[in-house]
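In: Below are the sequence and a predicted model for it; my questions follow.
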Amino acid sequence: MATLLPPPKRRKLYHGVPEPEPKPETPVPNIVVQFINDEDGKDLAPAVTLPADLSREQLETLLNKLSGSDDPVPFSFHVSVPGASEGEDVTATAPPTRIVIANSLNQDVLLNTKYKMTTEDIFVVHCSPQAVFKVRPATRCSSTLTGHSSAILCASFSPTGQMLATGSGDTNVRLWDLDTETPSHVLSGHRGWVLCVEWEARERKLASGGHDGQGRCLHILKDHAHWVTTLTLNTDFVLRTGPYDHTGKQPSSDEEAQAWALERYRKLASQHSELMISGSDDHTLFLWNLFASGSSDDTSAETSASGTKPKPLMRLTGHQRQISHVVFSPDGTLAASASWDSSVRLWNGRTGKRVLCHNREENDIDHSNFHDNRFIATMRGHVGAVYRLTWSADSRMLVSASKDSTVKIWDLKTYKLKMDLPGHTDEVYCVDFVADKIVSGGRDKTLKIWKN
């Protein structure tokens, strides 16, 4: 039997109107790209000429080949361009604007008419190494746990995520079995609210603090104009997790665990000196270098040598109301702050340099940043005060808990909302993130475990 061919395609009729000429394909220009390390500004590879439409994934593959890396390293890319608006001289003094490369240099930079970048310019692409592992975002509530008779004020996973401890206004600390997701033990002894719980790195001891406790003063830093509400170190994550990392290796002895923990700490501290950020009710944050002897900052070193009190390296402004929480990312490159102004702001955790964030969806600049010019991005979505923040272990996601009874997950590649986790019936006071599990608790006296 003969094969029947399909009928020919019907020709479009224009009824006397001349047939329009087919649009020629727009040629893709070639550009010169220089990859540099975002941390120290050193070249990662020689300058190369590339088609402008290479995707972000192709740029990542190319950079790994040029650098001769045996194991591919994931990178995030951004370009800093002069922060001038339309009609202004691009050479005018203004904070640079950070454009995150999510698609291609052609789509994200060249086709953006806000900036005067041309194919004649050298595109300096800032590259930030990302974690070699990736944490999955939580998408569902796996269980709702009850037991506390008052609002839950703090919650903390153990370093491996096998155990959970919570503190409450009922003056008790509770331990929870995460295999069965049921209460395990009740620890009594406090005479006031339990405000914080922290695990020892080997998960054998638990520390708790509250209204009935006392503390010892080690340093007095008087630069804020009002109460200091929150502190964070850029080494908090490695201090908390000790010898444990994403590989899941278990130390065979306390000596081996101590050696592994010290190696992780020194690896992070060698990249940059140990820094601290303080947040206050005066709406500001301060970046401090308390151990200036290991820093290249001459001013801080002289201050330390003279025996006078440490001076802040940077004053971080931008929030409109009190600061409720600030926390460094696990890799120490970013810091996030939460405020009663319903916003979450991202800061450069190393230098506090002046950069702005380009909003690709609106193809415009957030011009409010020109007055603050210290933060990288502002993430808005909560309709109430933001109380607490926590990072994913790969520094790619940030989780916030708010007065509006929701928990939100933010994507640090786009600075946009990645996942909304509603379910609490009242204010959410605490949140913690380990592996791919999130725990949240609040005024409704319940804990919620969120998983992928």
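Out: Arrived safely, thanks for sending.

In: Correct me if wrong, but residue 270 is in a strand.
Out: No - Residue 270 is assigned helix when assessed by DSSP: H, G, I helix; E, B strand; the rest coil, not a strand.

In: Number of residues surrounding it?
Out: Applying other Cβ atoms under 10 Å, we find 9 residues neighbouring residue 270. Placement of C-beta: from N, CA and C, glycine included.

In: Then the one 3 residues further on?
Out: Residue 273 is surrounded by 18 other residues when neighbours are defined as other Cβ under 10 Å.

In: Is it in contact with residue 289, as I believe?
Out: Yes - judged on Cβ atoms under 8 Å, residue 273 makes contact with residue 289 at a distance of 5.8 Å.

In: low-confidence ranges in the protein?
Out: Low-confidence regions of the chain, defined by pLDDT under 70, span residues 1, 70, 82-96, 212-221, 292-309, 351-375.

In: 50 instead?
Out: Within the chain, the segments meeting pLDDT under 50 span 84-94, 214-218, 294-306, 353-373.

In: right, and the helix or strand after the strand or helix carrying residue 324?
Out: If you go by DSSP states H and E, residue 324 is part of strand 323-328. Using DSSP H and E, the helix or strand that follows strand 323-328 in sequence is strand 334-339.

In: just checking, what packs against that next one?
Out: If contacts are counted by 3 or more Cβ pairs under 8 Å, 6 or more residues apart in numbering; DSSP states H and E, strand 334-339 sits against strand 275-280, strand 323-328, strand 343-348, strand 386-391.

In: ok, 6 Å please
Out: Here strand 334-339 touches strand 323-328, strand 343-348, strand 386-391, going by 3 or more Cβ pairs under 6 Å, 6 or more residues apart in numbering; DSSP states H and E.

In: How far off centre is it?
Out: Chain-centre distance of strand 334-339: 8 Å, with Cα atoms, centre = their mean, to the nearest Å.

In: Direction included, what does that strand pair up with?
Out: strand 323-328 (antiparallel), strand 343-348 (antiparallel) (DSSP bridges).

In: angle of the strand holding residue 324 against strand 386-391?
Out: Interaxial angle, strand 323-328 versus strand 386-391 (axes from the mean of the first three to the mean of the last three Cα atoms, to 10 degrees): 10 degrees.

In: chain center to strand 323-328: distance?
Out: 12 Å.

In: Compute the inter-axis angle for it and strand 275-280.
Out: 170 degrees.

In: hmm, who's touching strand 323-328?
Out: Residues from elsewhere that reach strand 323-328, judged by Cβ atoms under 6 Å, 6 or more residues apart in numbering: 229-230, 232, 234, 236, 277, 279-280, 335-339, 349, 387-389.

In: For residue 331, which non-adjacent residue is closest in space?
Out: For residue 331, ignoring the flanking residues on the chain, the nearest one in space by Cβ to Cβ, 6 or more residues apart in numbering is residue 395 at 4.7 Å.

In: In contact with the one you found, which residues?
Out: Neighbouring residues of residue 395 by Cβ under 6 Å, 6+ apart: 329, 330, 331.

In: what about the helices in the stretch 1-150 of the chain?
Out: 56-66, 105 (DSSP state H, counting those that start in this stretch).

In: and of those, who's closest to residue 243?
Out: With respect to residue 243, and counting by Cβ to Cβ, the nearest of the helices of the stretch 1-150 of the chain is helix 56-66 at 29.0 Å.

In: tell me the strands in the stretch 1-150 of the chain, going along the chain?
Out: With strands called from DSSP state E, counting those that start in this stretch, the stretch 1-150 of the chain shows them at 30-37, 48-51, 75-81, 97-100, 122-129, 140-146.

In: Looking at those, which is nearest to residue 406?
Out: strand 140-146 (12.2 Å).

In: just checking, what packs against the closest one?
Out: Secondary elements touching strand 140-146 (3+ Cβ pairs under 6 Å, 6+ apart): strand 446-451.

In: Partner strands of the strand it packs on and their direction?
Out: strand 140-146 (antiparallel), strand 437-442 (antiparallel).

In: circling back to that earlier point, closest to residue 417 out of the strands paired with strand 334-339?
Out: Among those, the nearest to residue 417 by Cβ to Cβ is strand 343-348 (10.4 Å).

In: re earlier: dump the helices of the stretch 1-150 of the chain to CSV, plus distance to residue 264 and mean neighbour count.
Out: As requested, these are exported to CSV (distance: least, Cβ to Cβ, whole Å; neighbours: other Cβ atoms under 10 Å):
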stretch, distance to residue 264, mean neighbour count
helix 56-66, 24, 16
helix 105, 35, 26
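
In: got CSV for the ones you listed, with distance to residue 443 too?
Out: Output for the helices of the stretch 1-150 of the chain, formatted as CSV (distance: least, Cβ to Cβ, whole Å):
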stretch, distance to residue 443
helix 56-66, 42
helix 105, 48
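
In: Which one, of those, ends up nearest to residue 177?
Out: Taking the helices of the stretch 1-150 of the chain one by one with Cβ to Cβ, helix 56-66 is closest: 41.2 Å.

In: Just give me how far the closest one sits from the chain centre.
Out: Relative to the centre of its chain, helix 56-66 is centred 23 Å away, using Cα atoms, centre = their mean.

In: same thing with stretch 426-435?
Out: That offset, for stretch 426-435, works out to 16 Å (Cα atoms, centre = their mean).

In: Flag every buried residue along that stretch.
Out: 427, 428, 429, 430, 431, 432, 433, 434, 435 (16 or more other Cβ atoms under 10 Å).
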